[in-house]
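K.L.:
Provide a 3D model corresponding to the input given below.
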Amino acid sequence: MSYLASNLRYLRKVKGITQSDLADQLDVQRTMISAYEDGRSEPKLATLLKISELLEVGLEELVEHDIEQLGRRALQKRKLNILTIAADQNDKENITLVGQKASAGYLNGYADPEYMETLPQFHLPNLSRQATYRAFELAGDSMLPLKAGTLIIGSYLDQLSQIKSGKTYVLVTQTEGVVYKRVFNYLAENGKLFLVSDNDHYKPYEVRGEDVLEVWEAKAFISTDFPNPGDKKTPLTLEDLGKMIQDIHYDLKKITG
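P.N.:
Model (predicted):
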């Protein structure tokens with residue numbers, strides 16, 4: 001069964017593209033787009049390939065997978081890269097520390113066992129042995145009240161679908177390098193993640209799912225900077241998160257519009 005008609009209609013609307021806009025980009029009449037989406041006509045191969053490119057979806061997925069009902073197949077099921085793990089002489093996993101200066105090299109060496117052995121390693125008590133952890137040193141002030149130099153202890157996720165909107169993660173990406181952000185998962189809708197800083201002086205931005213190399217869910221942090229009661233920041237509430245999500249939807253409409 002072909003899902004081309006429903007997928008074309010769904011993905012076009014998700015991206016905020018009108019039938020007229022799509023027709024202009026494909027150099028066809030708007031009525032032809034309507035015919036494609038109603039299943040009354042099918043595009044020629046050259047047009048189909050261009051549709052696939054414009055909607056940022058694989059040709060096979062566009063035609064054979066029910067994206068609206070089942071989500072983006074390629075991203076939901078894609079596993080991340082095989083993880084290089086450091087262990088001590090008792091075969092107990094260490095926590096590898098990726099410092100600020102090492103973060104640039106980490107993008108190229110994260111899968112190289114020899115490189116990983118050059119990075120500092122340590123243990124922490126009371127962490128579940130059912131997970132693998134890594135520590136990343138923060139740079140800058142985009143995630144206040146956590147300041148530069150804070151160590152984020154992250155638990156490894158092996159699938160992008162495990163990312164829960166509103167939580168904080170360390171992402172290793174081909175485009176942005178190593179970043180620590182609050183992440184909103186829109187993979188099922190448009191194949192992208194929306195990254196938000198807790199410091200509102202920094203604008204949110206998107207990364208494509210296929211550009212993500214590693215994901216670490218923040219579980220703890222280590223800091224030598226003790227909080228000042230006079231500078232105390234109120235933790236995020238459910239109401240705060242709700243407003244943040246509304247703002248993100250508004251920003252997404254501006255980006256895709």
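
K.L.:
SS state for the residue nearest the centre of the chain?
P.N.:
In the chain, the C-alpha nearest the mean C-alpha coordinate belongs to Leu193, at 3.6 Å (Cα atoms, centre = their mean). Secondary structure for Leu193, judged by DSSP: H, G, I helix; E, B strand; the rest coil, is strand.

K.L.:
Equivalent analysis for Arg12, please.
P.N.:
Criterion first, three-state DSSP; result for Arg12: helix.

K.L.:
Next one: the nearest residue to it once chain neighbours are set aside relative to Asn190, how far apart?
P.N.:
Once flanking residues are discounted, Arg12 sits nearest to Leu22: 5.9 Å by Cβ to Cβ, 6 or more residues apart in numbering. Where C-beta positions appear, they are placed from N, C-alpha and C, glycine not excepted. Separation of Leu22 from Asn190 (Cβ to Cβ, to the nearest Å) stands at 15 Å.

K.L.:
again with Ile95
P.N.:
Ile95 is 34 Å from Asn190, by Cβ to Cβ.

K.L.:
returning to that earlier point: and the pLDDT at the residue nearest to the centre of the chain?
P.N.:
Predicted confidence (pLDDT) for Leu193: 92.

K.L.:
do the one 4 residues further on as well
P.N.:
The predicted structure scores Ser197 at 95 on the pLDDT scale.

K.L.:
Then Lys77?
P.N.:
Value listed for Lys77 in the pLDDT field: 49.

K.L.:
and the residue nearest to Asp66 when sequence neighbours are not counted, how many neighbours?
P.N.:
Spatial nearest neighbour of Asp66, excluding adjacent residues (Cβ to Cβ, 6+ apart): Tyr3 at 5.0 Å. Neighbour count for Tyr3, taken as other Cβ atoms under 10 Å: 18.

K.L.:
Please list all residues in contact with Tyr3.
P.N.:
Going by Cβ atoms under 8 Å, 6 or more residues apart in numbering, Tyr3 touches Leu62, Val63, Glu64, His65, Asp66, Ile67.

K.L.:
If any of those residues are buried, put those into a ChimeraX selection.
P.N.:
Entered in ChimeraX, the line below selects the buried ones among the contacts of Tyr3, by 16 or more other Cβ atoms under 10 Å:
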select :62,63,65,67
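
K.L.:
Could I get the contacts of Tyr3 in TSV, plus columns for distance to Val183, secondary structure and pLDDT?
P.N.:
TSV is the format used below for the contacts of Tyr3 (distance: Cβ to Cβ, whole Å; DSSP: H, G, I helix; E, B strand; the rest coil; pLDDT from 0 to 100):
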residue	distance to Val183	secondary structure	pLDDT
Leu62	26	helix	88
Val63	30	helix	90
Glu64	29	helix	86
His65	24	coil	84
Asp66	26	coil	82
Ile67	21	helix	79
